[in-house]
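[1] What follows is a predicted protein model with its sequence.
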Amino acid sequence: MSKHVVIIGGGAGGGSVAAEAKRNDPSLRVTMVEQGKFVAFAA
Ligand SMILES: Cc1cc2nc3c(=O)[nH]c(=O)nc-3n(C[C@H](O)[C@H](O)[C@H](O)COP(=O)(O)OP(=O)(O)OC[C@H]3O[C@@H](n4cnc5c(N)ncnc54)[C@H](O)[C@@H]3O)c2cc1C
């Protein structure tokens, strides 16, 4: 059974954690929860 990581907050920190978690283990299921309308973005 694959692991599931839930990240609270879609700011710079949340996105960084999500990307790093998938880099370390592509089989991880990652869910990011953001209370606002938009998540952070960067080129
Ligand atoms: C006025 C101002 C100007 C800035 N200008 C710059 C700049 O020009 N350049 C720069 O590099 N940095 C700038 N910064 C700093 C930058 O915004 C922060 O360093 C960065 O956003 C921190 O990212 P973070 O993910 O840690 O937190 P945040 O960006 O605060 O992200 C946290 C997220 O979690 C969400 N959240 C919180 N609680 C919950 C919950 N219970 N459920 C779901 N979601 C939740 C929030 O809605 C938020 O989207 C500025 C900061 C401020 C205040």
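    On my side now, so go ahead. Numbers count the residues shown, from 1 in each chain.

[2] and the closest residue to the ligand within the chain, how far is that from residue 41?
    For the chain, the residue closest to the ligand is residue 11, as judged by Cβ to the nearest ligand atom, at 2.1 Å. Just so you know, the C-beta spots here come from the backbone N, C-alpha and C atoms, and that holds for glycine as well. From residue 11 over to residue 41 the distance is 11 Å, taken as Cβ to Cβ, to the nearest Å.

[3] next one: residue 17
    In this view, residue 17 and residue 41 are 15 Å apart by Cβ to Cβ.

[4] So those two - more neighbours on which side?
    The residue with more neighbours, out of residue 17 and residue 41, is residue 17; 15 against 8, by other Cβ atoms under 10 Å.

[5] close enough to count as contact, that one and residue 8?
    No. With contact defined as Cβ atoms under 8 Å, residue 17 does not count as touching residue 8 (10.1 Å).

[6] host element of the residue nearest the centre of the chain?
    Against the mean C-alpha coordinate of the chain, by Cα atoms, centre = their mean, the closest residue is residue 18 at 2.9 Å. Per DSSP states H and E: residue 18 is located in helix 12-24.

[7] downstream neighbour of that helix in the secondary structure list?
    The helix or strand immediately downstream of helix 12-24 is strand 29-33, counting by DSSP H and E.

[8] re the thing from before, now do the same contact list for the residue nearest to the centre of the chain.
    5, 7, 30, 32 (Cβ atoms under 8 Å, 6 or more residues apart in numbering).

[9] The ligand contacts on this structure?
    8, 9, 10, 11, 12, 13, 14, 33, 34, 35, 36 (Cβ under 6 Å from any ligand atom).

[10] Appreciated, that's everything.
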